[in-house]
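In: this one's sequence-less:
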């Protein structure tokens, strides 16, 4: 196992982890986006109605 091979392997592993991480972040962002907008609208409605 040469240093260049090790670097390549580390890079590919890091890339895979990075992709998984971004997918997780994207999923979380989607969930947040789905659930979040309902709350501020409700708050705004309360403020305008009062």
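Out: All right, it came through fine. Computed from a prediction, not measured in an experiment: that's the story for all the values here.
In: now do the contacts for residue 21.
Out: By CB atoms under 8 Å, 6 or more residues apart in numbering, the contact list for residue 21 is empty. In this view, the C-beta of every residue, glycine as well, is placed from N, C-alpha and C.
In: just the element for it, please.
Out: Per DSSP states H and E, residue 21 falls inside helix 3-35.
In: the bottom helix or strand of this structure by mean pLDDT?
Out: Ranked by mean pLDDT, DSSP states H and E, the weakest helix or strand in the chain is helix 38-49, scoring a mean of 60.
In: how close does residue 2 sit to residue 11?
Out: In this view, residue 2 and residue 11 are 14 Å apart by CB to CB, to the nearest Å.
In: quick one, which of these two is more surrounded?
Out: Comparing residue 2 with residue 11 by other CB atoms under 10 Å, the one with more neighbours is residue 11, at 10 against 7.
In: got any ranges where the chain has weak pLDDT?
Out: Applying pLDDT under 70 to the chain flags the ranges 1, 36-50.
In: change it to 90
Out: Counting by pLDDT under 90, the chain contains low-confidence residues at 1-3, 10, 13-19, 21, 23, 26-50.
In: and stretch 12-29, what's buried?
Out: By neighbour count on 16 or more other CB atoms under 10 Å, the buried set for stretch 12-29 is empty.
In: next up, the contacts around residue 31.
Out: Counting by CB under 8 Å, 6+ apart, residue 31 has no contacts.
In: what number of residues lie near residue 9?
Out: For residue 9, the count of nearby residues is 11 (other CB under 10 Å).
In: now swap in residue 6 and tell me
Out: 10.
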